[in-house]
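> Kindly generate the corresponding structure for this input.
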Amino acid sequence: MSVESLGSIKIRFDGKAGDELGEAIRLHIVTHRDVTLVDVIKFLYQSVLGSFHLLDHMTECEIEAWIKKNLATAQPKEEPLTEKLYGDRWIRVNLGAFKQKYGDDHKTLTKLFMKGKEEKRASTTEFSIKLDSLLKLVVSGKIRPLDSNPDLLDLAADFFADYEQKGFPPLHHSSLYSKKNSEYLVVPLDNLRNILS
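All right, here's what the predicted structure looks like:
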């Protein structure tokens, strides 16, 4: 099962969530456009594991150049500056809203992003538990395809098994989601107020 296949099926959330994690997932689905299961997996990945996949593989100079490039291409937007992830470790900073408020200040954004290195690492076990909860929402029919696409449950179960076997590598958003939702940067929540005040 490929990311592209799972990332081509738009999803919806039916009914009430039942718990805090389910509610966070439900809110993510209903407040974003063209969400797929891949995008919800990414939401959970970032909620638990943050930005370590970038912090571990890029130098500070590379990160600064990457942030500068992404901020330069971001369109200023009157939108909320931040988007809550699940838990209290990480948060998304909307690049368009940041640019609207702070201009092309990539240095501040880089400083904020680099603070992620100081965060305590969560385990992939914790992430795996969140994925199990996500799969239960699919099994229960709370998360279902937006239209009459193939059986999401079988596709999801196959994908999750393969994804775990590969060690839970970071995923990109689906192309559907990327076209319709704002670009962002995942940063540690604790440092946000201190640096952006």
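
> Please report how far residue 181 lies from residue 20.
According to Cβ to Cβ, to the nearest Å, residue 181 stands 23 Å off from residue 20. The way it works is simple: take the backbone N, C-alpha and C, and place the C-beta from them, glycine included.

> hmm, who's touching the longest helix along the chain?
Ordering each helix of the chain by length in residues (DSSP state H) puts helix 124-139 first. Where contact means Cβ atoms under 8 Å, 6 or more residues apart in numbering, the residues beyond helix 124-139 that reach it are 13, 19, 21-22, 25, 37, 40-41, 44-45, 47-49, 86, 143-144, 152-153, 156-157, 160, 163-164, 167-168.

> Go again with 6 Å.
By Cβ atoms under 6 Å, 6 or more residues apart in numbering, the surrounding residues in contact with helix 124-139 are 21, 44, 48, 49, 143, 152, 153, 156, 160, 168.

> State the pLDDT value of residue 121.
Looking at residue 121, its pLDDT is 84.

> any idea what sits nearest it, other than its immediate chain neighbours?
Leaving aside its sequence neighbours, residue 121 sits nearest to residue 52 (Cβ to Cβ, 6 or more residues apart in numbering; 6.2 Å).

> tilt between the helix or strand harbouring residue 22 and helix 124-139?
If you go by DSSP states H and E, residue 22 is part of helix 20-31. Interaxial angle, helix 20-31 versus helix 124-139 (axes from the mean of the first three to the mean of the last three Cα atoms, to 10 degrees): 60 degrees.

> Sweet, I'm off.
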